[in-house]
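>>> Build me a model:
(2 chains)
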Protein chains: 2
Amino acid sequence: MTHALPDAALDQILRTARTFNKFQNKPVSDETLHALYELAKWGPTSMNCQPARIIFVRSAEAKAKLKQALSPGNVDKTLAAPVTAIVASDSQFFEHLPNQFPALPQARDMFAGNATLASDTAFRNSSLQAAYLMIAGRALGLDSGAMSGFNPQVLNEQFFADGRYKANMLINFGYGDATGNWPRGPRLAFNEVARID
Amino acid sequence: MTHALPDAALDQILRTARTFNKFQNKPVSDETLHALYELAKWGPTSMNCQPARIIFVRSAEAKAKLKQALSPGNVDKTLAAPVTAIVASDSQFFEHLPNQFPALPQARDMFAGNATLASDTAFRNSSLQAAYLMIAGRALGLDSGAMSGFNPQVLNEQFFADGRYKANMLINFGYGDATGNWPRGPRLAFNEVARID
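Prediction:
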C-alpha cells in the first residue's frame, strides 16, 4: 500500500514545475545523462516495447547539425541549452520483442506484419517515454523544455540517414534559469476534458 | 535550484513501480479521480495544447460498453479494475488555443489549416498526457495498468459517436494487488538506445 508523496515532491515533478527556455551556464555531465536514462527507462510501454531512441546533442558540432532542422523561434534557446535530447523512435523496435517480452512469442510478427500498427505503437510509446524523460529529469533536479517545432525530414537526414529512426520531439535539458520563463499557461478544467461514466 | 527526490519517491514513481493487472477490491472515489487530474494536468504539452480527453469508466453499464472494444486478453482484468480511463484526443483541440496559448495568436489557424500536423500533435501530446496520468497516479498512491489492446473503431462508436474524439489508450486504475503481476520485463541498456553526440 503506497501513500501520496509529500507536497514538495508533487510540486517538483508536476504541480509547480515549469518549462524552461533558459538555462544556467552549467554543463550536464555524462553521468547525469546516464542517471536520467536509468530512471526514465522504468516507465511502462506496451508489451515493454521501448521504441524510443535518444541522441543527447551536446557538442558544438552536433548542435550545428541540429540547428539546420530547428524552427526559427527555437534556434537561440536550443543552441544555448547545455544539452538537447532528440527523442526518436525505432521503426524496427519489434526486433527486440523476443527478448523484451518473451511472454508473447508472436509479438514480433504482429508488428512486423502490420506497418500501421508498428508506426502507431512506435509513435505512442516513444511519446510516453519522452514524458518519462522529462518527469525523471525533474525528479533528479534537472529542468527541461520540450519542442516539436523542427523539420523532421531535415533532422532525420542529419542524424538518422539510414531511415530506420524517426525523430519525434526535442527536449532541452539543463539547470533552469527562471528569468527566461513565460507566464504559466492555464490548464483546462476537469469538467472541460473529463467525465466519470 | 532543485535537488533529486529521495530514493523512496524515485522508487514510487518509476524505479520499482509496476504495471498492475489485478487490483484490490477497493473503489476509486470521484474525489481521487479529480485529484489525479488536478495533478496530471500540469504536465507540459506543446503550445499548452492539452488535447487529451478522458472518460473514467467505472459503472457496470459503461464497462459493458467498453467490453465490446477490448482485445480478449484484456477483458477480465479491465472489467475487474475499479476504473478504466479512456484517454482520447480531441481532433479540434486547437479551438482552445486562443485561451490556452495567447502568446501566439496564429496558433489556432496553424493547426486548423493542416490536418496532418493537427492529428500528429493530438496523438503525441495526448500520449504525453497519458504518461502524466500514470506517473501522477503513482505519486498519489494509485496503481495502474495501461493497454493499447482494443478496437479503436468499436470504442469510438461506443463512446465518441460524433467523431470528434479519437481513443488513444486505456489505463486501469486502482489499488494494486501484486499477486497479478507478471515478472518484470528487462529494459534496454543506455548503449543500445542512446548516445551522447
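>>> SS state for A:V28?
Following DSSP: H, G, I helix; E, B strand; the rest coil, the label given to A:V28 is coil.
>>> just checking, it touches A:L142?
Yes - in this structure, A:V28 is within contact of A:L142 by Cβ atoms under 8 Å, at 7.1 Å. The way it works is simple: take the backbone N, C-alpha and C, and place the C-beta from them, glycine included.
>>> When these two are compared, which one has more neighbours?
More crowded of A:V28 and A:L142, by other Cβ atoms under 10 Å in any protein chain shown: A:L142, with 24 against 20.
>>> What segments of chain A are strands?
A:52-57, A:83-90, A:143-147, A:165-174, A:194-196 (DSSP state E).
>>> quick one, which of these is nearest to B:R53?
In terms of Cβ to Cβ, the element of the strands of chain A nearest to B:R53 is strand A:194-196, at 7.2 Å.
>>> Pull up the pairing partners for that closest one, direction included.
strand B:52-57 (parallel) (DSSP bridges).
>>> re the thing from before, any shared contact partners between A:V28 and A:L142?
Residues touching both A:V28 and A:L142 by Cβ atoms under 8 Å, 6 or more residues apart in numbering or on different chains: A:F173, A:G174, A:Y175.
>>> From A:A130, how far out is the nearest residue to the second one once chain neighbours are set aside?
Leaving aside its chain neighbours, A:G174 sits nearest to A:F23 (3.2 Å; criterion: Cβ to Cβ, 6 or more residues apart in numbering or on different chains). Between A:F23 and A:A130 the distance is 18 Å, computed by Cβ to Cβ, to the nearest Å.
>>> Of the two, which one has the most company?
Taking other Cβ under 10 Å, A:F23 and A:A130 do not tie; A:A130 has more neighbours (28 against 23).
>>> need the contact list for that one.
Going by Cβ under 8 Å, 6+ apart, A:A130 touches A:A52, A:V87, A:A146, A:N168, A:M169, A:I171, B:L128.
>>> mean confidence for the top helix by length along chain A?
Determined from DSSP state H, the single longest helix within chain A is helix A:115-139. In this model, helix A:115-139 carries a mean pLDDT of 98.
>>> Same question for it: list its buried residues.
Using 16 or more other Cβ atoms under 10 Å in any protein chain shown as the test for burial, helix A:115-139 gives A:118, A:121-139.
>>> Please compute how far stretch A:79-92 lies from its chain's middle.
Computed by Cα atoms, centre = their mean, to the nearest Å, the chain-centroid distance of stretch A:79-92 equals 7 Å.
>>> and that stretch, how far apart are its ends?
31 Å (Cα to Cα, to the nearest Å).
>>> Go through that stretch and flag the buried ones.
Within stretch A:79-92, the residues that count as buried by 16+ other Cβ under 10 Å are A:A80, A:A81, A:P82, A:V83, A:T84, A:A85, A:I86, A:V87, A:A88, A:S89, A:D90, A:S91.
>>> Just the CA coordinates for stretch A:55-72, please, in CSV.
Taking Å, rounded to 0.1, in the frame of the first residue of the first chain, the C-alpha atoms of stretch A:55-72 are listed here in CSV:
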residue,chain,number,x,y,z
ILE,A,55,20.7,11.3,-29.1
PHE,A,56,21.9,13.8,-26.5
VAL,A,57,23.2,16.7,-28.6
ARG,A,58,25.8,18.5,-26.6
SER,A,59,28.9,19.3,-28.7
ALA,A,60,29.1,22.4,-30.9
GLU,A,61,29.4,20.2,-34.0
ALA,A,62,26.2,18.2,-33.2
LYS,A,63,24.4,21.4,-32.2
ALA,A,64,25.3,22.9,-35.7
LYS,A,65,23.7,19.8,-37.3
LEU,A,66,20.6,20.2,-35.2
LYS,A,67,20.3,23.9,-35.9
GLN,A,68,19.5,23.2,-39.6
ALA,A,69,16.3,21.5,-38.6
LEU,A,70,15.0,23.9,-35.9
SER,A,71,12.1,26.3,-36.4
PRO,A,72,13.4,29.9,-36.2
